[in-house]
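1. give me the fold of what follows.
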Amino acid sequence: MAKRLIPSFNRILVEKIVPPSKTNAGILLPEKTTKLNSGRVVAVGPGSRDRDGKHIPIALKEGDVVLLPEYGGTEVKLGDKEYVNAIR
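-> Reported below is the predicted structural model:
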């Protein structure tokens with residue numbers, strides 16, 4: 001089993017953010033809010049190259065919060081955490 005995932009080219013690895021089930025005051029939130037389409041960038045690939053061979057870096061960095069498409073990316077489960085491998 002893989003211990004870590006390293007994205008290649010212009011791909012990013014995003015850890016899904018688990019929304020809280022209750023507020024700070026103790027109010028329970030409905031289950032509709034448990035499915036958020038946002039996540040935190042865990043790893044970033046080196047980027048890609050254009051037709052002339054020039055390097056195109058990725059504008060994201062580790063720790064950024066991004067929105068995920070509902071049907072985009074590849075879902076990966078490593079241990080008890082869920083990740084999405086997406087193209088920038």
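2. any idea what the nearest residue to D64 once chain neighbours are set aside is bridged to?
-> Spatially, and ignoring its direct neighbours in sequence, D64 is nearest to V41 (4.6 Å; CB to CB, 6 or more residues apart in numbering). Backbone N, C-alpha and C define where each C-beta goes, glycine included. According to DSSP bridges, the partner residues bridging V41 are V14.
3. number of nearby residues for V41?
-> Neighbours of V41 under the rule other CB atoms under 10 Å: 20.
4. that one contacts V66, doesn't it?
-> Yes. Here V41 reaches V66: they are 6.1 Å apart, a contact under CB atoms under 8 Å.
5. where do the contact lists of these two overlap?
-> Common contacts of V41 and V66 (CB atoms under 8 Å, 6 or more residues apart in numbering): 12, 14, 60.
6. any chance of those residues in a markdown table, plus neighbour count and pLDDT?
-> What follows is the shared contacts of V41 and V66, written out as a markdown table (neighbours: other CB atoms under 10 Å; pLDDT from 0 to 100):
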| residue | neighbour count | pLDDT |
| --- | --- | --- |
| I12 | 23 | 89 |
| V14 | 26 | 89 |
| L60 | 14 | 89 |
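7. quick one: contacts for the nearest residue to S8 once chain neighbours are set aside?
-> The shortest distance from S8 to any non-neighbouring residue, by CB to CB, 6+ apart, is to G45 (5.3 Å). Going by CB under 8 Å, 6+ apart, G45 touches 6-12, 58, 88.
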